[in-house]
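Undergrad: this one's structure only:
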């Protein structure tokens, strides 16, 4: 055990990174609770596939691609920040934010189409789960967009301390991974 | 009132076949926990008296981490573990008898809880539900003694709970489900049946009565209901 | 040998400590001020929760008579009191006091840090809790009244307005709890990251005081268990407001879903409340026995095992809920297993006293009160954990007695252990010992008078959440017990006035506290009483040993602080 005053408990892991991981652990349990509940219902019930049929698989597939690409661009942003490349940082952050906004926009299109067809959250148990899971996820996407906007707006600080971009990216990947679970569970079966 | 020191004496009069089994489990737990209670409090009391601060006497530097020292606690803990598992070994067949295995019955009653009553449907002499001789009762069940009776629990609105203290039976009634329970009375009498789950402002006082009749009296009751 | 460091960003600002009322008292980022804010909020809610309990007990003893200050109350109001008493005590008293106040105050001081690693997040957490408090308070005053579906909030009763008649009261209840969860999530992340990154040089994990271990495991339990309930609470709010189907069987939903989600959190939650109290007692017992705690490492492992087990016992709250009865025995086994690590800890506490040199100052009395009352509560847990026994005692007053013997022990006996022990450090004054003794004995006696008879009432078949026991034939002859219990409760409330008087007098005119009035080893006692902003002066502590080196053979003193340098050759140990 080092006697240096700032000795770290876990070498290479900073305080803020640890904090983000603990935060993500609790978030995993929130979505885990929702997903586990959905699975228990789905495995025990009938008529789910029929309800799911009304969802727009193409729109969701596009959304999946968009979100995956934005995870790629935020990694590029972090690489750029580490290398001190301001332009690449700003560009990639902007693309990531754009991806998030496109995702939310397409989601809004989906929701309005479904609600117009009378498929509201109260239309049945499948729809209750669909809106709650994608809605909560959407709120997290919105939160991530806000964080990324802040990181972009303070790009000079981000160049000086690239771990800010890394942490924003960590959260953004989490949001992406949750969608990777939701997409097949809701749309592909 | 019974003595406050004898918890088992506070259980109400048992009137069911499996009630004695449940009371038996409660009793075993009671004796075991009283033994541990006395042991812990005796040790605690002794140490507090023997080792109170006195001038000139210093505490012993005992860390309790080496096995030689830790064993004084590990052995009692192992005993706790064995006793705990033994309790579950004894308890499993009792649970199965009450909640899983159901003996064949001639009489089934449909009991539906709602805010704030129990609606009881008796199938009538033909023994089948959905026929003309079904009769609905409000807050009362009538059964013969010494015959297993099945109850099918439903709820119209919120969760209620079917509780027969004298039979040691409790089962929640959940809307959207049909949950089956059973009991067999060992003596005639009238027994209180409180609702045991918070179900709204009328929860307090929501109760039914179970009337257990000697066989002859039950037959007479049936004749009076279905002339 | 102390070390000067610029590792913590706050140190550079030592010369610029915040001034002014708003920065120092209201929006402070100093963990000690934030601790006081949590304490103040928790104590205020304790008064509310206690008065609610007093009103409930009055109604139970003398049903349908006028309650002082409230008049006659109907059963719907009674249900609101039951609900809010439970919710307030668990979420707005136990958590802010045991975790928020003591965790915040003690963790940085005990690990030799100048503050939490995220001071502004810390301030945000207490202000989020204040917001949660405001929302919960508001729920009392909206049309329809406060939540009345029990602190457990089972649907469908809680999911449709028409079943309770309560609309905004329950919606605000859910929102307040969501804010409370957010507050403690922030706090938990802060505690864990601080303890993992800001420990003083030489302070390895196994040299941390047990208080810190217990706070950390509690934080982890909370972080990992609250998620499913957040999901469930969102679902409940949506059922109530958007007409979703989660808990509505007529639409394909299932009321039991809530119970699983609630108790998956609910069971770890009771340990979130218990562990800090265990920590305080495990700290006080060695100090007042002047010997090491018995089996430090074993206690740490027992705590971790208990924490892990707490995630797989939840359905013992649901034995007769209608879930598949074949699940009962597995959960009965895991439940009975969880008594094993706690048995270890209780035995270790008793063993700590063996061959000690025991002083009976107030902190020690409260610690012994915890130990004795928790043993009773823990033993009655065995009855509840056995599925066949639980068929009978579920939802009766036996359960109420059980959880009050465990939770009251944790929150009040454990909490007062902490208060009486660390009051000198927090406020710079000693609490009057004679009033402390009086407070303890009155509380201990009245607590037992209140709750011991509830075991008997439960065994006799008295069900929970009933406003009038006299409506049940079996309970009419036993009403005397309800009256006795109520007298105990009134006494319990009145006894707390002794504490309030003690605090007021001590804060105004109590003996000024030295840095280390108890001659204890842990790092907080090396700072002044109370510690200044940034806790220590120029030099932070450096740690050379564990926290429980009391009565070391050959040492002059019967205590040896963690930060005292090791003896140089030629000098007697124990001298600098």
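TA: Looks like it came in fine. For clarity, every value in this text was computed on a predicted model and none was experimentally measured.
Undergrad: contacts and neighbour counts: CA atoms only from here.
TA: Fine.
Undergrad: Tell me which residues of the helix or strand bottoming out on mean pLDDT in chain A come out buried.
TA: For chain A, counting by mean pLDDT, DSSP states H and E, helix A:48-52 ranks last in confidence among helices and strands (a mean of 84). Buried residues in helix A:48-52, counted by 16 or more other C-alpha atoms under 10 Å in any protein chain shown: A:48, A:51, A:52.
Undergrad: so what does the next helix-or-strand element following that helix touch, helix or strand wise?
TA: Per DSSP states H and E, the first helix or strand lying C-terminal to helix A:48-52 is helix A:57-83. The contact analysis (3 or more C-alpha pairs under 8 Å, 6 or more residues apart in numbering or on different chains; DSSP states H and E) places helix A:57-83 against helix A:86-116, helix A:155-160, helix A:163-187.
Undergrad: May I see these arranged in TSV, with mean pLDDT as well?
TA: Formatted as TSV, those follow (pLDDT from 0 to 100):
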stretch	mean pLDDT
helix A:86-116	96
helix A:155-160	87
helix A:163-187	95
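Undergrad: Let's verify the residue of chain B found nearest chain A: helix, strand, or coil?
TA: Residue nearest to chain A within chain B: residue B:176 (13.5 Å; C-alpha to the nearest C-alpha). Under the three-state scheme (DSSP: H, G, I helix; E, B strand; the rest coil), residue B:176 adopts coil.
Undergrad: Now for residue 95: which residues touch it?
TA: Assuming you mean chain A. A:70, A:73 (C-alpha atoms under 8 Å, 6 or more residues apart in numbering or on different chains).
Undergrad: wrong one, chain C
TA: Contacts of residue C:95 (C-alpha under 8 Å, 6+ apart): residue C:273.
Undergrad: any idea how far residue C:274 is from it?
TA: Taking C-alpha to C-alpha, to the nearest Å as the measure, residue C:95 falls 10 Å from residue C:274.
Undergrad: that older thread, export the helices and strands packed on helix A:57-83 as TSV, with columns for distance to residue C:554.
TA: Formatted as TSV, these follow (distance: least, C-alpha to C-alpha, whole Å):
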stretch	distance to residue C:554
helix A:86-116	64
helix A:155-160	55
helix A:163-187	51
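Undergrad: Quick check: chain neighbours aside, which residue is closest to the residue of chain B closest to chain A?
TA: Among residues not flanking residue B:176 along the chain, residue C:249 sits closest, at 5.0 Å (C-alpha to C-alpha, 6 or more residues apart in numbering or on different chains).
Undergrad: And residue B:47, by the same measure?
TA: Leaving aside its sequence neighbours, residue B:47 sits nearest to residue C:354 (C-alpha to C-alpha, 6+ apart; 5.7 Å).
Undergrad: Wait, the one you found touches residue B:49, no?
TA: No - with contacts counted by C-alpha atoms under 8 Å, residue C:354 stays clear of residue B:49, the gap being 10.4 Å.
Undergrad: and residue B:223, how many residues sit next to it?
TA: 11 (other C-alpha atoms under 10 Å in any protein chain shown).
Undergrad: tell me which element it is part of?
TA: Under the criterion of DSSP H and E, residue B:223 resides in helix B:215-225.
Undergrad: Can you name every helix or strand that that helix contacts?
TA: Counting contacts by 3+ C-alpha pairs under 8 Å, 6+ apart, helix B:215-225 packs against strand B:140-144.
Undergrad: what's the helix or strand just after the strand it packs on in contact with?
TA: For strand B:140-144, the following helix or strand on the C-terminal side (DSSP H and E) is strand B:148-155. Applying C-alpha under 8 Å, 6+ apart, the contact partners of strand B:148-155 are B:103-114, B:143, B:173-185.
Undergrad: Narrow these to just the buried residues.
TA: Taking 16+ other C-alpha under 10 Å as the criterion, what is buried in the contacts of strand B:148-155 is B:107-114, B:143, B:173-176, B:178-185.
Undergrad: Pull the contacting residues for the residue nearest to residue B:176.
TA: For residue C:249, the contacting residues are B:175, B:176, C:255, by C-alpha under 8 Å, 6+ apart.
Undergrad: For the residues you listed, give me TSV that also has pLDDT.
TA: Shown next, in TSV, are the contacts of residue C:249 (pLDDT from 0 to 100):
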residue	pLDDT
B:175	98
B:176	96
C:255	97
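Undergrad: Look up how far residue C:357 lies from the residue of chain B most remote from its centre.
TA: The C-alpha centroid of chain B is most remote from residue B:56, which lies 56.2 Å away (C-alpha atoms, centre = their mean). Computed as C-alpha to C-alpha, the residue B:56 to residue C:357 distance reads 10 Å.
Undergrad: which other residues reach the least confident helix or strand of chain A?
TA: Residues outside helix A:48-52 that contact it (C-alpha under 8 Å, 6+ apart) are A:42, A:126, A:127, A:186, A:187, A:189.
Undergrad: picking up where we left off before, looking only at neighbour counts, state which of residue C:354 and residue B:49 leads.
TA: Between residue C:354 and residue B:49, counted using other C-alpha under 10 Å, residue C:354 has the larger neighbour count: 23 against 10.
Undergrad: what are the ranges of the strands in chain B?
TA: B:107-114, B:117-122, B:135-138, B:140-144, B:148-155, B:160-164, B:169-173, B:179-184, B:189-194, B:207-213 (DSSP state E).
Undergrad: Could I get these in CSV, plus columns for distance to residue C:348 and mean pLDDT?
TA: Listed next are the strands of chain B as CSV, based on distance: least, C-alpha to C-alpha, whole Å; pLDDT from 0 to 100:
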stretch, distance to residue C:348, mean pLDDT
strand B:107-114, 49, 97
strand B:117-122, 51, 98
strand B:135-138, 56, 97
strand B:140-144, 53, 97
strand B:148-155, 47, 98
strand B:160-164, 40, 98
strand B:169-173, 38, 98
strand B:179-184, 44, 98
strand B:189-194, 43, 98
strand B:207-213, 47, 98
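Undergrad: Pipe those strands into JSON lines and attach distance to residue A:131 per row.
TA: Compiled in JSON lines, the strands of chain B are given as follows (distance: least, C-alpha to C-alpha, whole Å):
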{"stretch": "strand B:107-114", "distance to residue A:131": "32"}
{"stretch": "strand B:117-122", "distance to residue A:131": "37"}
{"stretch": "strand B:135-138", "distance to residue A:131": "42"}
{"stretch": "strand B:140-144", "distance to residue A:131": "45"}
{"stretch": "strand B:148-155", "distance to residue A:131": "29"}
{"stretch": "strand B:160-164", "distance to residue A:131": "30"}
{"stretch": "strand B:169-173", "distance to residue A:131": "30"}
{"stretch": "strand B:179-184", "distance to residue A:131": "31"}
{"stretch": "strand B:189-194", "distance to residue A:131": "40"}
{"stretch": "strand B:207-213", "distance to residue A:131": "41"}
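Undergrad: if we can go back for a sec, now do the buried residues in the helix holding residue B:223.
TA: Buried residues in helix B:215-225, counted by 16+ other C-alpha under 10 Å: B:218, B:221.
Undergrad: Alright, that wraps it up for me.
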